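**Q** got a sequence here, can you model it:
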Amino acid sequence: MLEGIGGIDGLKNLADKAKDVAEEHGDAIGAGLEKAGDLVDERTDGKYTEQIDTGVSKAQELVERLGEQGSGT
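**A** Residues are numbered from 1 along each chain as shown. Okay, here's the model as predicted:
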């Protein structure tokens, strides 16, 4: 099932890469999430503002936590 990405070791490597990217580019990722949320909110005429804001905030928190777990390189 996981052969395509190298099994468990591949998943660990992928997770480490995600942490490093979040550490290096967390601010840009957070800004992109905010911009995407604003676009979706605009396209839905503000009908789901609260839900969109919640989703964006949770995604930004995840990126921040991943960045804190980065390797520091």
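
**Q** residue boundaries of the helices in the chain?
**A** With DSSP state H as the criterion, the chain has helices at 7-43, 49-68.

**Q** list the buried residues for the first one?
**A** By neighbour count with 16 or more other Cβ atoms under 10 Å, helix 7-43 contains the buried residues 18-23, 26, 29-30, 33, 37, 41. Using the backbone N, CA and C atoms, a C-beta is placed for each residue, glycine as well.

**Q** and for the last one?
**A** Judged by neighbour count (16+ other Cβ under 10 Å), helix 49-68 contains these buried residues: 52, 56, 59-60, 63-64, 66-67.

**Q** mean pLDDT added to the helices of the chain, as CSV?
**A** As requested, the helices of the chain are exported to CSV (pLDDT from 0 to 100):
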stretch, mean pLDDT
helix 7-43, 94
helix 49-68, 97
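
**Q** which residues does G55 contact?
**A** Neighbour list for G55: G37 [criterion: Cβ atoms under 8 Å, 6 or more residues apart in numbering].
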